[in-house]
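# Need a 3D model of the following:
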Amino acid sequence: MTTNGAANGKPRRIAGNILISLLGLVLVASGAAKFAHVPKVVEQMGLVGIEGWRLTFVAFLEVSSAILFLIPLTRSLGLLLVSAFLGGAVATHLEHGLPFIQPAIFLALLWLGALLRHPQILWSSGATAAPSSIPAK
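Predicted coordinates:
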């Protein structure tokens, strides 16, 4: 038997899981395309000066942060790394005069998925209660 609060949170958690899974897999696929040196991806990355070993390094960063984000036990670290990665993508787009809205929206959706699945991630903002394992001040 579930409480009313638990029943109300189930659709939110499911929506969060869906967003986390879909967006995490998109990041893995994007990194895989960079590893595979797909010609269109190589061309696009070359426009911003990312070629050769740098392209492989970016692919590694993208895939590793996405995998950490997809694993529940390492999700908070993955969210931090994916945020840094996509923040860098936004900055690179801005620096080169490219549209930055796509990586910015993608990042916002990743955070939305994490927030829906784990509302306690905002505990330090005062918007939610502090997790029980961290003493409230």
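# Run through the protein and note the low-pLDDT ranges.
For the chain, the stretches flagged by pLDDT under 70 are 1-8, 124-137.
# helices and strands around the biggest helix by length in the chain, which ones?
Looking across the chain with DSSP state H, the single longest helix is helix 4-35. Contacts defined by 3 or more CB pairs under 8 Å, 6 or more residues apart in numbering; DSSP states H and E place helix 4-35 against helix 39-47, helix 53-70, helix 101-117. For every residue, glycine as well, the C-beta is placed using N, CA and C.
# Please spell out which residues along it are buried.
Neighbour counts over helix 4-35 (16 or more other CB atoms under 10 Å) mark 16, 19-20, 23-24, 27-28, 30-31, 33-35 as buried.
# same question, stretch 82-89
Going by 16+ other CB under 10 Å, stretch 82-89 has these buried residues: 82-83, 85-86, 89.
# Work out the gap between that stretch and the centre of the chain.
Computed by CA atoms, centre = their mean, to the nearest Å, the separation of stretch 82-89 from the middle of its chain amounts to 8 Å.
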